[in-house]
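1. Here's my sequence, what's the structure:
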Amino acid sequence: MTRCRRWLRLGTLLAAAAGLWSCVAPILTVPPPGAVTFKLAVVTDASGTQMNLWTAEGGPLEQAADADYFLINRTLHGGVIATARKDGSFTSPPMEGSEKDSIQIYYRTPTGDYSDSTCVLLSEGTSLPLAACPP
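-> Take a look at the predicted model:
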């Protein structure tokens, strides 16, 4: 009976140690994207309708090397994905939008970690992050 109790105590101790270790596992912090610069191009299609197309540039950001950047126009419910270069900088493909649209930006690293998202108002030049995206 004593041997059985020892094994039970040892098993309980090991389970408790494993549970405690999992609570203090390191947390990986992935910083949000920094300032992003937007450029506007007005394009006329074949029917003569003009459209505003925006491109974005950001970085470099070491933690975002080879990451996928997601730029979501929350006003139009659309967006684009851009792949970062080795230094973490990126240039997005053109996306539709209008001045002052809410743009949510975040990235996913090659290991699958997601950054916190940043929200900016679409305007030509460098856009600084807002406290939160407007609804």
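2. how close does Arg9 get to Arg3?
-> Separation of Arg9 from Arg3 (Cβ to Cβ, to the nearest Å) stands at 11 Å. Yep, even glycine has a C-beta here, placed from its N, CA and C like the rest.
3. quick one: which of those two has more around it?
-> Neighbour count, other Cβ atoms under 10 Å: between Arg9 and Arg3, Arg9 has more, with 10 against 7.
4. The more buried one and Thr2, how far apart?
-> Separation of Arg9 from Thr2 (Cβ to Cβ): 10 Å.
5. which residues in this protein form helices?
-> 2-23 (DSSP state H).
6. quick one, what contacts the residue nearest to the spatial centre of it?
-> The chain has Tyr106 as the residue nearest its centroid, 1.8 Å off, counting by Cα atoms, centre = their mean. If you count contacts by Cβ atoms under 8 Å, 6 or more residues apart in numbering, Tyr106 has them with 32-33, 69-70, 114-118.
7. Can you tell me which of those residues are buried?
-> Buried by 16 or more other Cβ atoms under 10 Å: 33, 69-70, 115, 117-118, out of those.
8. low-confidence ranges in the chain?
-> Scanning the chain for pLDDT under 70 picks out the ranges 1, 10-11, 13-29.
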